[in-house]
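[1] give me a model of this one.
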Amino acid sequence: MTATPPFASSAADTAARPAPPALEGQGWSAGGPALGAGLVLGGLLAQEFGAAMAASLFPRAGALGIVALRLTVSAVLLLAVCRPRVRGHRRADWAVIVAFGVALAGMNTLFYQAIARIPLGAAVTLEVLGPLVLSVVTARRATSWLWAALALGGVALLGRGGLDTLDGAGVGFALGAAVLWAAYILLSARTGARFPKADGLALAMTLGAVLSLPAGLADAGGRLLDPVTLGLGAAVAVLSSALPYTLELLALRRLAPATFAVLMSLAPAVAALAGYLVLNQSLTGIDLMAITLVVAASAGAVRASSR
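    Numbering: from 1, shown residues only. The predicted structure follows:
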């Protein structure tokens, strides 16, 4: 992306702007890979349990309506907490925000369309292929390929249950979400490098909410204003968007994007755990083996990155 001349800003504004965190290859922020891995795990737990709650709301407001409600509430919360500065950013910074907002809106819309048609575990298994492919493409060490292959094996085991029998549209939506998830990882890292704290995420989330509102209003209409739907939608927004995206942005300041992508392969394992605890879905021996492979791959990726 070619940088264009920045908007006019005062010298005081420029001097007051916090230094952006380092990008991959320029050093990581305080806390290191171990803290970054913890942030990723916390985000995944919130996101998968929030997704299960969101799926239960589809009869109330439809998939598109819940996406719009989730992103809008998340944007309002982030704007209130972060109060991001609008002036003083370069055009290249705004280009990253626009791309990040489009990726957020598209990824959430496609994923919710997927889980409206196929089981949550299968949708997450397909979606996580995006980060896995990203980890292989951007890997610089042979060990990175090994951990990615091990994680892919675990994901394949989790998704072995007849993916060919799933709704074709649902599979297509999940794969589309996988592509945008990979884009989200790269854009989140760039946003965190250009904007202090979670300011960039707040701005991108606002754009994503604006993009999702027309389809959401057309799908749900006045049902979005139902008090129960609003309350549950707010809980979904915190669990599935505001909290995990903030944690992931902070994690990407401590982890290389390739390592982060491998860690995201924990998503099917977390989804299986959520299904067991919340939906009373049993885990077979092969499921446990698959989860063990994914966890081992994630641990290996963190250890390799720390070296």
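
[2] from residue 284, how far out is the closest residue to residue 166 other than its chain neighbours?
    In space, and not counting its chain neighbours, residue 166 is closest to residue 118: 4.7 Å by CB to CB, 6 or more residues apart in numbering. From N, CA and C alone the C-beta is placed, and that goes for glycine too. Applying CB to CB, to the nearest Å, the value for residue 118 to residue 284 is 19 Å.

[3] and for residue 214?
    For residue 214, the distance to residue 284 equals 43 Å [CB to CB].

[4] returning to what we had before: mind checking the SS state of the residue nearest to residue 166?
    At residue 118 the chain is in coil, as set by DSSP: H, G, I helix; E, B strand; the rest coil.

[5] next, count neighbours for it.
    As a burial measure, residue 118 scores 22 neighbours (other CB atoms under 10 Å).

[6] which residues touch it?
    166-167, 170-171, 174 (CB atoms under 8 Å, 6 or more residues apart in numbering).

[7] what is the most widely separated pair among those residues?
    Farthest pair in the contacts of residue 118 (CB to CB) is 167 and 174. Separation: 10.0 Å.

[8] so for the two, which residue has more residues nearby?
    residue 174 (27 against 13).

[9] am I right that the more buried one is in contact with residue 128?
    No - the criterion here is CB atoms under 8 Å, and residue 174 misses it with residue 128 at 9.6 Å.

[10] and residue 153, how far from residue 120?
    Distance from residue 153 to residue 120, by CB to CB: 21 Å.

[11] and for residue 151, the neighbour number?
    31.

[12] isn't it up against residue 298?
    Yes - using CB under 8 Å, residue 151 is in contact with residue 298, at 6.9 Å.

[13] now do the shared contacts for the two.
    With CB under 8 Å, 6+ apart as the test, residue 151 and residue 298 both reach 262, 265.

[14] so which residues of the chain form helices?
    Using DSSP state H, the helices of the chain run over 11-16, 32-82, 91-115, 120-127, 129-138, 142-158, 168-194, 199-220, 227-237, 243-251, 257-263, 267-278, 285-306.

[15] could I get these as CSV with mean pLDDT?
    CSV is the format used below for these (pLDDT from 0 to 100):
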stretch, mean pLDDT
helix 11-16, 35
helix 32-82, 87
helix 91-115, 94
helix 120-127, 80
helix 129-138, 79
helix 142-158, 79
helix 168-194, 91
helix 199-220, 92
helix 227-237, 87
helix 243-251, 86
helix 257-263, 78
helix 267-278, 78
helix 285-306, 73
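
[16] hang on, the earlier thing: more neighbours, residue 153 and residue 120?
    Between residue 153 and residue 120, counted using other CB under 10 Å, residue 120 has the larger neighbour count: 22 against 15.

[17] quick check: the more buried one vs residue 258, distance?
    Going from residue 120 to residue 258 by CB to CB gives 26 Å.

[18] same question for residue 141.
    Taking CB to CB, one finds residue 141 at 9 Å from residue 258.

[19] over to residue 40?
    Look at residue 40 and residue 258: by CB to CB, they are 13 Å apart.
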